[in-house]
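*Asks:* show me how the following folds:
(2 chains)
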Amino acid sequence: MKQMVVAITGPTATGKTALGIALARELDGEVVSCDSMQVYKDLAVGTAQPDAEELTQARHHLIGFLDWDKSFSVSDYVKLAGETISDIHRRGKLPILVGGTGLYARSLLRGFTFKDECRDDALRDKLYTEAQELGPEKMHKKLSLMDPVSAQEIHPNNVKRVLRAIEYCMLSSEPFSQQTARSRQAGSPYRYMMFCPVFRDRHELYRRIDIRVERMLENGLLREAKRLYSFCENSVKYPTAAQSIGYKELFPYFNGEISLAEAVENIKRESRRYAKRQLTWFSREPDIHYLYMDELYSTDNALKECIDILESRGLYTDADLNEGGNAIE
RNA sequence: GGUGACAUAGCCAAGCGGUAAGGCAAAGGUCUGCAAAACCUUCAUUCCCCGGUUCAAAUCCGGGUGUCACCU
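*Replies:* You can find the predicted model right below:
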């Protein structure tokens, strides 16, 4: 029997953290973060990591453990999260996946595989330099010779993805598109259910985002950002951590280029766009259950709906709880 | 009160007689190793209003309205 995972994914500022904790408490579970930025240390405020009190309410994993200069990617995530989930099951608990990074959630739950030998940072840098000299079209043409299918699917202007596909083709014995096709067919290593809290009223979501940004400011976002800013100034390459919304928008303010008010407005705008991108991402997940928060009103009601769904689909039974996921079948 | 300049999409703006550039914002979308990233698509039947000149006007002329600047 496959291991059970309950996932809470969805756009920012919809109450995933609180719902995850509620579920963990209700189902004797532990939270496994599914967020590309919450992995970093000392970015607690801006990446909306669970606060000290929330951390005491349920055991959390994969939050705030990485230094700023470390890069992190899907493959690292899938590996770590996979290990964490197994460990949680071994202890007879239920893993609750919580976070808004769609790529991470999909890759983990659908069982995408990433081979170490199919990545080479030095090669990637070399390709990047080449792309700057030759231009995007030439690189795309290069890809179409190695892997016409990928070239068809990836827009020539999307240099990042064109280069990754080339990198893969050079390091692997198969074209990039073949790897994609193969993992599309592979089944999930888990039994899982995805819940996605959303708001029917987009304005309500945007309003919550605005409020949350203001709260971050009150909680010391500037201090955190300033530290990251100094760190970035002194490093050769911008670290992955600097991609996080809420920090990079503040950098021009620290530079004296824009006012604080403008920077804050930019954070809000970028967060709104991010939420929109998350919405389109999750809309493509086949087995996702939306939780309409503007109708459910509270975390409690959302929790009840989750439990109802899990029970009605036979996905969660007492056996899961008592026998550490080795029940049924 | 006088003189001058300007009025083009939610915002910034090009155009200066031949049938509305561009940027920002917005909306929609893509996604398999930086994903809070990267990328794509769509967005003014009309240029403040009225009249005139012309085959043709956002572009020229007259009047009106509004904004700004300077003068009294």
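*Asks:* A strand includes A:Val213, no?
*Replies:* No: applying DSSP: H, G, I helix; E, B strand; the rest coil, one finds A:Val213 to be helix, outside a strand.
*Asks:* mind checking pLDDT for A:Val32?
*Replies:* pLDDT recorded at A:Val32 is 98.
*Asks:* how about the contacts made by it?
*Replies:* Applying Cβ atoms under 8 Å, 6 or more residues apart in numbering, we find A:Val32 in contact with A:60-62, A:81, A:84-85, A:88, A:95-98. Bear in mind the C-beta positions are built from the backbone N, C-alpha and C, glycine included.
*Asks:* tell me, how many residues neighbour the residue lying closest to A:Lys16 once chain neighbours are set aside?
*Replies:* In this structure, A:Lys16 finds its nearest non-sequential neighbour in A:Ile8, 4.9 Å apart by Cβ to Cβ, 6 or more residues apart in numbering. Using other Cβ atoms under 10 Å, A:Ile8 is surrounded by 30 other residues.
*Asks:* same question, A:Leu221
*Replies:* 22.
*Asks:* enumerate the residues of the stretch 1-150 of chain A near RNA strand B.
*Replies:* A:35-38, A:46-48, A:71-76, A:100-104, A:107, A:112, A:114-116, A:118-119, A:124, A:128 (Cβ under 7 Å from any atom of the strand).
*Asks:* which stretches of chain A form strands?
*Replies:* Remark: strands assigned in chain A by DSSP state E are A:3-8, A:29-33, A:60-61, A:94-98, A:190-198, A:288-292.
*Asks:* can the ones you listed go into TSV with extra columns for distance to A:Glu311?
*Replies:* Formatted as TSV, those follow (distance: least, Cβ to Cβ, whole Å):
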stretch	distance to A:Glu311
strand A:3-8	12
strand A:29-33	15
strand A:60-61	25
strand A:94-98	14
strand A:190-198	11
strand A:288-292	13
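*Asks:* tell me the most buried of the ones you listed?
*Replies:* Burial of these is given as mean neighbour count (mean count of other Cβ atoms under 10 Å); strand A:94-98 ranks first at a mean of 28.
*Asks:* tell me the angle of it relative to strand A:3-8?
*Replies:* Strand A:94-98 runs at 30 degrees relative to strand A:3-8, counting by axes from the mean of the first three to the mean of the last three Cα atoms, to 10 degrees.
*Asks:* strand partners of strand A:94-98, parallel vs antiparallel please.
*Replies:* Strand A:94-98 sits in its sheet next to strand A:3-8 (parallel), strand A:29-33 (parallel), going by DSSP bridges.
*Asks:* which among these is found nearest to A:Lys304?
*Replies:* strand A:3-8 (14.2 Å; Cβ to Cβ).
*Asks:* so which residues make contact with the closest one?
*Replies:* With Cβ under 8 Å, 6+ apart as the criterion, strand A:3-8 contacts A:16, A:19-20, A:23, A:27, A:29, A:34, A:85-86, A:89, A:94-99, A:105, A:109, A:189-197, A:306, A:310, A:315-316, A:320, A:325.
*Asks:* that strand to strand A:288-292, inter-axis angle?
*Replies:* Using the same axes, to 10 degrees: strand A:3-8 against strand A:288-292 is 30 degrees.
*Asks:* CA-only coordinates of strand A:3-8 in PDB, if you can.
*Replies:* Listed next in PDB are the C-alpha coordinates belonging to strand A:3-8 (Å, rounded to 0.1, in the frame of the first residue of the first chain):
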ATOM      1  CA  GLN A   3       1.900   6.000   1.700                       C
ATOM      2  CA  MET A   4      -0.800   8.500   2.400                       C
ATOM      3  CA  VAL A   5      -0.200  12.200   2.000                       C
ATOM      4  CA  VAL A   6      -2.600  15.000   2.600                       C
ATOM      5  CA  ALA A   7      -1.600  18.200   0.700                       C
ATOM      6  CA  ILE A   8      -2.700  21.800   1.300                       C
END
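*Asks:* chain center to that strand, what's the gap?
*Replies:* Relative to the chain's own centre, strand A:3-8 is displaced by 15 Å; criterion: Cα atoms, centre = their mean, to the nearest Å.
*Asks:* what pLDDT, on average, does that strand get?
*Replies:* 96.
*Asks:* picking that back up, for A:Pro239, which of the strands of chain A is the nearest?
*Replies:* strand A:29-33 (18.9 Å).
*Asks:* now do the closest one: distance to the chain's middle.
*Replies:* Distance of strand A:29-33 from its chain centroid, counting by Cα atoms, centre = their mean, is 14 Å.
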